[in-house]
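S.K.: Would you be able to build a 3D model of this:
(one chain, ligands or ions: 1)
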Amino acid sequence: MTLVGPIWRATVLTLFPEMFPGPLGVSLAGKALASGLWALEARDIRDSATDRHRSVDDTPAGGGPGMVLRADVLAAAIDAADCGPDRPEDRPRLLMSPRGRPLTQSQVVELAAGPGPLVVCGRFEGVDQRVIAARGLQEVSIGDYVLSGGEIAAMALIDACVRLLPGVMGKLSSGADESFSDGLLEYPQYTRPQEFEGQPIPEILVSGDHAKVAAWRLAEAEALTKARRPDLWAAKNSRQKQPKNTTKG
Ligand code: SAM
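M.R.: Residues are numbered from 1 along each chain as shown. Sure thing, here's the model as predicted:
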């Protein structure tokens, strides 16, 4: 496949660059990385420390447990990563953070369509608030739980984007039918054997009637979404009830 323009690039700022590519170096994302469909750069925040001990953190102002990533060191790391002709400044700058806006598939689609983000991985108690504002970092959470660092969260975000890049998943699966693509969770999947521990594959799926299969899948997806994710179901219904935009001219 011929790619036009610069490839999608993720730049990760971390205290543990050796964690990358990690899981992003195997399977779908790893093959795509090896074949140049996307690029990954893991940069050590510690390289921007200025003192003899290469310190990156300090105690929280006002007291309390743990340490906080220093604003000056992180700002210098962001500036060093952003400069250069092949690194356009309009890349999204993200900070993985449990306080952030929860990551959604629509945000992933948006990120995958852009040049690729700069992703800051927090550690300790987090990051000095001043650098978040000064460098326009958008806080992104991968769920309501606390990890020990932003690296695994960054990998989750990057993996979700990479699989949507042109040429990564191949022609057969486009992602258009998957969970969240239409505000619904995905319908149940089956494959051979025809019978497993006395349970057959639902008859309709082996009927060869494509319209009936599609209707069955939609009904299953709706039932699953209603039962497991009433929030998604309510959001889908309220979108459907909204009047269509009737702009004239
Ligand atoms: N003290 C912080 C708080 O209560 O919000 C938690 C800091 S956590 C131990 C260290 C780092 O892990 C965070 O700065 C962030 O980068 C990352 N992290 C932890 N949980 C995360 C989540 N759910 N989503 C994204 N990043 C997360």
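
S.K.: how near is residue 136 to the ligand?
M.R.: Per C-beta to the nearest ligand atom, to the nearest Å, residue 136 is found 17 Å from the ligand. The C-beta positions use only the backbone N, C-alpha and C, and glycine is treated the same way.

S.K.: ok, and the closest non-adjacent residue to that residue?
M.R.: Once flanking residues are discounted, residue 136 sits nearest to residue 93: 5.7 Å by C-beta to C-beta, 6 or more residues apart in numbering.

S.K.: so what strands line up beside the lengthiest strand in the chain?
M.R.: Determined from DSSP state E, the single longest strand within the chain is strand 93-102. In the sheet, strand 93-102 lines up against strand 118-121 (parallel), strand 138-141 (parallel) (DSSP bridges).

S.K.: would a markdown table of these with mean neighbour count, distance to residue 169 and mean pLDDT be doable?
M.R.: Formatted as a markdown table, the entries for the strands paired with strand 93-102 read as follows, by neighbours: other C-beta atoms under 10 Å; distance: least, C-beta to C-beta, whole Å; pLDDT from 0 to 100:
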| stretch | mean neighbour count | distance to residue 169 | mean pLDDT |
| --- | --- | --- | --- |
| strand 118-121 | 27 | 22 | 98 |
| strand 138-141 | 18 | 23 | 98 |
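
S.K.: before we move on, the earlier item: surely the residue nearest to residue 136 is in contact with residue 78?
M.R.: Yes - counting by C-beta atoms under 8 Å, residue 93 touches residue 78, with 7.0 Å between them.

S.K.: Quick check: neighbours shared by those two?
M.R.: 118, 120, 135 (C-beta atoms under 8 Å, 6 or more residues apart in numbering).

S.K.: Residue 77 is in contact with the last one, correct?
M.R.: No - counting by C-beta under 8 Å, residue 135 sits too far from residue 77 to count as a contact (9.8 Å).

S.K.: More neighbours: which of those two?
M.R.: Ranked by neighbour count (other C-beta atoms under 10 Å), residue 135 and residue 77 place residue 77 first, with 26 against 18.

S.K.: helix or strand for the more buried one, which one?
M.R.: Under the criterion of DSSP states H and E, residue 77 resides in helix 71-82.

S.K.: Now do that helix and strand 93-102, the angle between them.
M.R.: Per axes from the mean of the first three to the mean of the last three C-alpha atoms, to 10 degrees, the angle that helix 71-82 makes with strand 93-102 is 110 degrees.

S.K.: what about residue 116, distance to residue 141?
M.R.: 20 Å (C-beta to C-beta, to the nearest Å).

S.K.: Please name the residues that touch the closest residue to the ligand within the chain.
M.R.: Of all residues in the chain, residue 122 sits closest to the ligand, at 2.1 Å by C-beta to the nearest ligand atom. Residue 122 makes contacts with 69, 95, 96, 97, 149, 150, as judged by C-beta under 8 Å, 6+ apart.
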